[in-house]
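Engineer: I would like the atomic coordinates for the input below:
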Amino acid sequence: MEDKPRYSRTSDILELLILMQAKPLGISINDIMQNFNVSRRTAERMRDSILNICPQITEIENPRSREKFWGFNGGYLNEIISFTPDEIANLEKMKKYQEENGFEDKQKILEQTINKIKALGRKYSTKLDNALEILLETEGYAVKQVPKYKIDLKLLETVRSSMKSNKKIKAKYNGKNKVLSPYGLIYGEKIYLIGVEEEKGTNPYCYLLHKFSEVNMTDKVFDKGDFNLDEFSKKSFGVYQGECFDVKLLFSKNVAEDVLNYHFHSTQKLKRNEDGSVTVKFKASGDKEIMWHLFKWGEDVKILAPNVLKKEYVEILKQVLKKQEE
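Structural biologist: Model (predicted):
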């Protein structure tokens with residue numbers, strides 16, 4: 001039995017890692033020999049290579065055959081296995097085809113498979129959904145129809161270069177000169193630059209990107225330390241941060257299906273009540289943005305907690321009503 005050429009060794013090791021996790025009981029030396037068409041000696045070297053880099057691999061011996069198997073107990077590979085937007089989009093197309101042609105049982109199985117892939121990780125799932133949206137737009141199957149501010153592409157490129165090289169930017173913000181360390185961007189209806197202002201200490205603040213002008217990258221290098229953009233964004237509802245609230249909302253059954261398929265916050269917990277209504281809980285700061293968001297749900301939403309947020313929301317509604325009646 002001849003070994004494969006050396007250039008395939010790295011890909012073989014990665015494939016073997018995936019195979020080890022895919023098999024509930026792991027794989028044996030004979031499995032490696034058959035799957036990769038290699039000699040027993042090479043199969044043992046491949047196994048040893050993986051054991052050296054993945055000490056958490058478990059060795060299991062079959063009590064009847066005395067044959068040994070090696071595999072993972074947990075989801076070790078979830079972080080290194082990824083699915084491209086094309087792969088998922090292809091599955092989505094197959095699901096749509098099966099649905100249109102009456103294969104409901106197969107369509108449901110494929111839908112479950114797609115959901116399992118997306119459930120491998122919340123963080124990964126979010127990136128995957130975003131990538132799929134972009135893919136559908138570029139293929140002409142989707143149009144993003146949302147209000148947004150125009151951003152100069154040169155400004156974006158300068159900010160991007162500054163973030164990649166960890167160099168501060170000098171710019172005008174609302175007409176005032178500022179020197180900032182750009183940490184990242186948060187996209188929504190508006191684009192916010194998260195950064196630290198040279199004269200305000202080390203705390204990151206949110207700046208509206210469309211209010212910047214005359215942006216230039218400087219030679220001053222900055223260190224953002226252990227700042228994590230994902231963790232920063234999870235602390236707030238939207239981008240504005242402040243006092244953190246344990247929010248509890250009650251949505252009527254009229255909008256139940258919409259609510260159950262809606263992403264309010266990364267900490268959200270949804271519960272379908274017996275009367276058809278839905279209770280939503282999450283922990284976040286940004287009281288103003290929470291209330292602005294609730295406007296679009298109209299009379300179908302009620303703030304149950306905290307009481308301070310409810311009172312503030314009622315006061316805003318009174319002011320809006322008074323303004324409209326003038």
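
Engineer: max-length helix in this protein?
Structural biologist: helix 307-325 (DSSP state H).

Engineer: From the contact counts, what lies against that helix?
Structural biologist: Counting contacts by 3 or more CB pairs under 8 Å, 6 or more residues apart in numbering; DSSP states H and E, helix 307-325 packs against strand 245-251, helix 287-295, strand 301-305. From N, CA and C alone the C-beta is placed, and that goes for glycine too.

Engineer: a markdown table for those, including mean neighbour count?
Structural biologist: Below are the helices and strands packed on helix 307-325 laid out as a markdown table (neighbours: other CB atoms under 10 Å):
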| stretch | mean neighbour count |
| --- | --- |
| strand 245-251 | 19 |
| helix 287-295 | 17 |
| strand 301-305 | 16 |
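
Engineer: Worst mean pLDDT among those?
Structural biologist: With a mean of 85, helix 287-295 has the lowest mean pLDDT of those.

Engineer: Now that helix - C-alpha only, PDB.
Structural biologist: Only the C-alpha atoms of helix 287-295 are listed here, as PDB (Å, rounded to 0.1, in the frame of the first residue of the first chain):
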ATOM      1  CA  ASP A 287     -32.900  53.000  27.900                       C
ATOM      2  CA  LYS A 288     -33.500  55.600  25.200                       C
ATOM      3  CA  GLU A 289     -32.800  53.100  22.400                       C
ATOM      4  CA  ILE A 290     -35.000  50.400  24.000                       C
ATOM      5  CA  MET A 291     -37.900  52.800  24.100                       C
ATOM      6  CA  TRP A 292     -37.400  54.100  20.600                       C
ATOM      7  CA  HIS A 293     -37.400  50.500  19.400                       C
ATOM      8  CA  LEU A 294     -40.700  49.700  21.300                       C
ATOM      9  CA  PHE A 295     -42.500  52.500  19.400                       C
END
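
Engineer: Kindly calculate the angle that it makes with helix 307-325.
Structural biologist: 60 degrees (axes from the mean of the first three to the mean of the last three CA atoms, to 10 degrees).

Engineer: Helix 287-295 - contacts with which helices or strands?
Structural biologist: Going by 3+ CB pairs under 8 Å, 6+ apart, helix 287-295 lies up against strand 245-251, helix 307-325.

Engineer: Between the helices and strands packed on helix 307-325, which one is closest to residue 232.
Structural biologist: helix 287-295 (14.9 Å; CB to CB).

Engineer: now that closest one against strand 301-305, angle please.
Structural biologist: Going by the same axes, to 10 degrees, helix 287-295 makes 150 degrees with strand 301-305.
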